[in-house]
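1. requesting a structural model of the entry that follows:
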Amino acid sequence: MSRNIRLSIILDNLRSAHNVGNIFRIAEAVACAEIICCGYTPAPPHPKLVKTAMGADTMVPSRIFPTAADAVRALHAEGVPVYAVETVENAVDAWDFQYPDRVAILLGNEALGISAEALAETDGAVSLPMLGEKASINVGNCAAVVVYAIQKQWKGISE
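-> Numbering: from 1, shown residues only. Next up, the predicted model:
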């Protein structure tokens, strides 16, 4: 299967190497272009990430940036729009949004969300409805839902 060069995932200061490893597995499952680890997000070859990723960390290209805002600006310079996955005002439900053919999604810290600086650099936001009192789900679970919503819209076609 050819690598899907249309979807990048940016991780903004994730704390858990297990979450990052899980996201590498999700990214590999749908042939994402890359994962960009920012700030203190664990990046390959972190041992806990490697264990959870089960080899996906060697199959999905990755880059590291000092901040997520730096990563967003770099992707913009490459012509790639970036959408935050965050419960902010004016966010569109992830499965209702019309994703462009080349896109990046930005996922934030497990407790703090996306940094204000990075959020300000994005082209908009998508979110998942939060109907319960907690109004929060695991970042890896969120990544899976959004990535598969994008793939469903694109009908899983790889370039």
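2. so which residues of the protein form strands?
-> The residue ranges that make up the strands of the chain, judged by DSSP state E, are 7-12, 34-38, 62-65, 82-85, 92-93, 103-107, 125-127.
3. same question for the shortest one, mean pLDDT?
-> Averaging pLDDT along strand 92-93 yields 95.
4. begin at 9 from here
-> I'll keep to 9 as the first residue from here, and by that count the last item is strand 100-101.
5. output the contacting helices and strands for that strand.
-> Counting by 3 or more CB pairs under 8 Å, 6 or more residues apart in numbering; DSSP states H and E, the packing neighbours recorded for strand 100-101 are strand 133-135. Every residue, glycine included, has its C-beta placed from N, CA and C.
6. before we move on, back to that, can you tell which of the strands of the chain is closest to Asn146?
-> Ranking the strands of the chain by their distance to Asn146 (criterion: CB to CB) puts strand 111-115 first, at 10.8 Å.
7. chain center to the closest one: distance?
-> Taking CA atoms, centre = their mean, to the nearest Å, one finds the center of strand 111-115 at 5 Å from the center of the full chain.
8. packing partners for it?
-> strand 15-20, helix 76-85, strand 90-93, helix 147-162.
9. can you list the strands of the chain in CSV and add distance to Ala35?
-> Supplementary listing: these in CSV, determined by distance: least, CB to CB, whole Å:
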stretch, distance to Ala35
strand 15-20, 6
strand 42-46, 6
strand 70-73, 9
strand 90-93, 14
strand 100-101, 22
strand 111-115, 11
strand 133-135, 17
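10. out of those strands, which gets nearest to Leu127?
-> The closest approach between Leu127 and any of the strands of the chain, judged by CB to CB, belongs to strand 90-93 at 5.5 Å.
11. give me the contacts around the closest one.
-> The contact list for strand 90-93, computed with CB atoms under 8 Å, 6 or more residues apart in numbering, reads 18, 80, 83-84, 99, 102, 105, 107, 111-116, 122, 126-127, 129-136, 150-151, 154.
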